[in-house]
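K.L.:
have a look; sequence and predicted model below, questions after that.
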Amino acid sequence: MSMPFYVSPEQLMKDRADFARKGIARGRSVVVVQYVDGLLFVAENQSKALHKISEIYDRLAFAAVGRYNEFENLRIAGVRHADMRGYSYDRLDVSGRGLANAYAQTLGTIFSSGGEKPYEVELFVAEVGDTADGDQIYRLTYEGSVADEHGYAAMGGSAEHVSEYLKEHYRDGLELEDALRLAVEALGHDGTEPRTVTGDRLEVAVLDRTRRHPRKFRRLVGAHMTSLFGTGDADDAEAPADIPPTDEVHGAAEDLPDDPSDVVGDPPDKQPDRPDE
């Protein structure tokens, strides 16, 4: 009779953590920076269809690094969680802290389970407040731990180098363009030698507290990126900068007018229902 193979719990957890870290290290970093009017997300991502940054709810955004299919499943689960809570109670009851706690429980359960491999992901959950003091940034790691970040944060394979650059150059009260330049420069300092990151390699979005629409998420493309990097599609560059682009999380929901007064007739009492994920 053969003896069962034994691995100590300490060694098992260490092996699972090493496995998850190696998977995350293969991806490019994601940066979130607080600026005067909200929160800025910048990721190095050449794909125009597979997003690292997405909207979750009115004031909530999600960013991730690691294995795409895993963090996409988490994003969808987060959208459903927020929609269900907002529908059952009130839209104001949907908070970044509540969503971060839900993700932490899921990631912690998967990491400690012996029946499946750990998720190779790290997440940002962010909520924009009515003032800068109300902004919240939560960073979640593969084992389910949660960290409350302030001002700026980075995650991904080169997060230590990027965070060090942000620590040296970040200051409170940055304007959007200054915050974007800082984030892009930080992404370029992800190794021993600085490199230039061009606008066509970036995915950029903001949670903008100054938007009159209840949904604060919008992507920065076209004129915004062209003015900063001198790149971008010609059609996007000719579009007015204040027209929000279509958001992929909820179909064409970002085509809703920024100002409810732009709606013909009386504005609706509540937001239209979102399509199922």
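P.N.:
Thanks, I have it.
K.L.:
in the protein, which spans are strands?
P.N.:
Per DSSP state E, the chain carries strands over the ranges 30-35, 38-44, 53-57, 60-66, 121-127, 136-140, 146-149, 152-155, 202-208, 217-219.
K.L.:
sheet-wise, list the partners of the shortest one with their directions.
P.N.:
With DSSP bridges as the test, strand 217-219 is paired with strand 202-208 (antiparallel).
K.L.:
dump the C-alpha coordinates for the partner strand into CSV.
P.N.:
The C-alpha coordinates for strand 202-208 follow below in CSV (Å, rounded to 0.1, in the frame of the first residue of the first chain):
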residue,chain,number,x,y,z
LEU,A,202,-2.7,53.3,-23.4
GLU,A,203,-6.1,52.6,-21.9
VAL,A,204,-7.2,55.7,-19.9
ALA,A,205,-10.4,56.4,-18.0
VAL,A,206,-11.6,58.6,-15.2
LEU,A,207,-14.2,58.8,-12.4
ASP,A,208,-15.1,62.5,-12.8
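K.L.:
just how off-centre is that strand within its chain?
P.N.:
Taking Cα atoms, centre = their mean, to the nearest Å, one finds strand 202-208 lying 9 Å from the centre of the chain it belongs to.
K.L.:
with stretch 88-102 instead?
P.N.:
Taking mean C-alpha positions (Cα atoms, centre = their mean), stretch 88-102 and its chain are 16 Å apart.
K.L.:
present the strands of the chain as a markdown table; the columns should include mean neighbour count and distance to Ile110.
P.N.:
To be clear about C-beta, it is placed using only N, CA and C from the backbone, and glycine gets the same treatment. Converted to a markdown table, the strands of the chain look like this (neighbours: other Cβ atoms under 10 Å; distance: least, Cβ to Cβ, whole Å):
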| stretch | mean neighbour count | distance to Ile110 |
| --- | --- | --- |
| strand 30-35 | 26 | 21 |
| strand 38-44 | 25 | 23 |
| strand 53-57 | 25 | 20 |
| strand 60-66 | 27 | 13 |
| strand 121-127 | 27 | 10 |
| strand 136-140 | 22 | 12 |
| strand 146-149 | 14 | 15 |
| strand 152-155 | 26 | 18 |
| strand 202-208 | 23 | 26 |
| strand 217-219 | 25 | 27 |
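K.L.:
for Leu182, which of those strands is the nearest?
P.N.:
Evaluated with Cβ to Cβ, the strands of the chain place strand 30-35 nearest to Leu182, the distance being 6.3 Å.
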